[in-house]
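In: Build me a model from this:
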Amino acid sequence: MTAAPPNQLTELNRVVIPCNEYGPINVAPEDVLGPDGRLALLPQVLNKYVKADFENEGLRLSAKGTSGLIPLTDRIALQVRPRFPLRNLTHMVAVCGYVPTMLPALRDYQLTDQWSDWLLDVMADGLLAAMDTVSLNGLLRTYHCRAGSGSYPHGRINTTATMLRYAARGINHKAEFSWFERTADNAPNRCLKSAISFLLSRYSRMPRQKGVRQRIARLAESMRVLQDVKLEARPFNLNDPQVRGAVPLPETRAYYQPAIELAVAILTGRGINLDAHSGDVSMPTLLVKTEDLFEEFIRVSLQKALSDHTTLSVLDGNKKPGKVKLYENLPEAEKGTLPAHKEPPVSGREPEANPDIVFRLDDGTHPLVADVKYSNVKGYAARSEVEQIVLYGHRYRSPIAMTIHPRRTDANKGLYIAGRIGSTIIAQYRVDLGTDDLENEMQEMADRISDLIASQTP
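Out: Residues are numbered from 1 along each chain as shown. Here you go, the predicted model:
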């Protein structure tokens, strides 16, 4: 019987409940409550990925702003989908190098031909989890025919070869013989060892950041498990029929399949598709905080689209040189004209103005500041969002302040102008994340913003 590795969640035997980010979870209270009436959710799920409250005197669970497959209990998992139409999550992650959060629960992903650096840890952890299963259930061993000669034969005596080599020459105390030897040195195990050796080499050259030492230790342990397997200088094992999947593995060694599929993907530089809900390779489930990804994707895409602009640069307002102090110091001459006063004491860091995106001209002025809002907008933006961006606009002395939102299904994309507040034009842009061509969508957005800036720049 095949055993499962300890402390590892799997998607098997779980009911998968679909829901949207920030949306209600359609689950009966008795399915999530324990005998004592308390919530029986898995550790670190409540308040991090799921919110619990009461409505109409009944328990209500709702998802938070993280998309992906989330284990809720031992019997239930949530498939949380983005709240807006989003067709190419994989592309967004690859563009900005966003690293999803990994959970120990396994799910199936579809392989693609696109590799990204952020996949290294994901692939390594997936292969190590699969190797735990292999170690627990035993290595695949196969019988290989060996041949020898001598005075102490074993196995099967090869009479023809013995007659030709020895009897014809009058040697009667030697024989040619062959036997079958059971060994772990076979193509599937060589494939696993090649992938583990590749990962161990990569991690050994990395700075000892969080998780690197642990992965090195686990990879070294996997190399020890495969110590009787030959390490090929080049992975010729990829051509083996069992490794390619042309010949099935023994039924009792079916647990090898996820490990081999991951090993092949690592050795051939393949990636995964985050948009597909099923696939052929089993890995730790990946969670994406879509709000953070959306902000980073918009900023990186605008920087790329406007990189050839000679007088305009796109800065990250969350760090220097994009961010500035919220309050400017008054000149001494101006202070002298004011009544006697004190300055507020500063506890901790001084308040900062940090819009998500700052557009700066080469003369040091800021024609536009923008905040990226993963919020549901069909008409005007929420007042709190507008007040925040107007504050940034006044601090940067920008003639235009903009909020950027994903397009709702029932709304149109593009540039919207709400009007003026004081001297500041309030604009809004809605991005269609559901389009087939996100690069073209972002270039179109960059062109509209560039035209808007040009219209207000002397």
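
In: Show me which residues of stretch 54-63 are buried.
Out: 61-63 (16 or more other Cβ atoms under 10 Å). In short, each C-beta sits where N, CA and C put it, glycine included.

In: what about L361, how many neighbours?
Out: Close neighbours of L361, defined as other Cβ atoms under 10 Å, add up to 15.

In: Do me a favour and get the end-to-end distance for stretch 69-87?
Out: One end of stretch 69-87 to the other measures 17 Å (Cα to Cα, to the nearest Å).

In: ignore the last one, stretch 267-276
Out: End-to-end distance of stretch 267-276 (Cα to Cα): 22 Å.

In: try stretch 28-45
Out: Chord length of stretch 28-45, first to last residue, is 17 Å (Cα to Cα).

In: which other residues reach that stretch?
Out: 9, 46, 50, 52, 58-59, 61, 70-76 (Cβ atoms under 8 Å, 6 or more residues apart in numbering).

In: and what of stretch 288-296?
Out: With contacts defined as Cβ under 8 Å, 6+ apart, stretch 288-296 is touched by 21, 65-68, 82-83, 86, 89, 92-93, 96, 98, 100-101, 274, 356, 372, 374, 406, 433.

In: tell me which residues of the helix or strand hosting R360 are tucked away?
Out: Here R360 sits within strand 357-361, counting by DSSP states H and E. Buried residues in strand 357-361, counted by 16+ other Cβ under 10 Å: 357-360.

In: State the pLDDT value of the residue nearest to A265 when sequence neighbours are not counted.
Out: In space, and not counting its chain neighbours, A265 is closest to L111: 5.8 Å by Cβ to Cβ, 6 or more residues apart in numbering. Note on L111: pLDDT of 75.

In: Need the max-distance pair from the buried residues of strand 357-361.
Out: Across these, the longest distance by Cβ to Cβ is 10.4 Å; it joins I357 and R360.

In: okay, and the helix or strand of the protein with the least pLDDT?
Out: Across the helices and strands of the chain, mean confidence by mean pLDDT, DSSP states H and E is lowest for strand 101-112: a mean of 72.

In: Run the chain-centre distance for that one.
Out: Distance of strand 101-112 from its chain centroid, counting by Cα atoms, centre = their mean, to the nearest Å, is 9 Å.

In: Next one: the residue sitting nearest the centre point of the chain from Y392, what distance?
Out: Central residue of the chain (Cα atoms, centre = their mean): P100, 3.2 Å from the mean position. Distance, P100 to Y392, by Cβ to Cβ, to the nearest Å: 30 Å.

In: Kindly report the same for I260.
Out: To Y392, I260 is 53 Å away according to Cβ to Cβ.

In: Just want to know which of the two has more residues nearby.
Out: I260 (27 against 24).

In: Which stretches in the stretch 201-350 of the chain count as helices?
Out: Assigned by DSSP state H, counting those that start in this stretch, the helices in the stretch 201-350 of the chain fall at 212-225, 241-244, 256-267, 290-305, 332-336.

In: got JSON lines for these, with distance to T159 too?
Out: Below are these laid out as JSON lines (distance: least, Cβ to Cβ, whole Å):
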{"stretch": "helix 212-225", "distance to T159": "41"}
{"stretch": "helix 241-244", "distance to T159": "33"}
{"stretch": "helix 256-267", "distance to T159": "39"}
{"stretch": "helix 290-305", "distance to T159": "71"}
{"stretch": "helix 332-336", "distance to T159": "110"}
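
In: Need the winner for burial among the ones you listed.
Out: The highest average neighbour count among these, using mean count of other Cβ atoms under 10 Å, belongs to helix 256-267 at a mean of 24.

In: low pLDDT regions in the stretch 251-400 of the chain?
Out: Within the stretch 251-400 of the chain, the ranges that satisfy pLDDT under 70 run 277-283.

In: Swap in 90 and give it another go.
Out: In the predicted model of the stretch 251-400 of the chain, residues 251-288, 310, 329-330, 332-333, 335-336, 341-350, 376, 378 satisfy pLDDT under 90.

In: which non-adjacent residue is nearest A446?
Out: Leaving out its chain neighbours, the residue that sits closest to A446 by Cβ to Cβ, 6+ apart is A305, at 3.5 Å.

In: and what of Y392?
Out: P355 (4.3 Å).

In: Can you classify that neighbour as helix, strand or coil?
Out: Taking DSSP: H, G, I helix; E, B strand; the rest coil as the rule, one finds P355 in the coil state.
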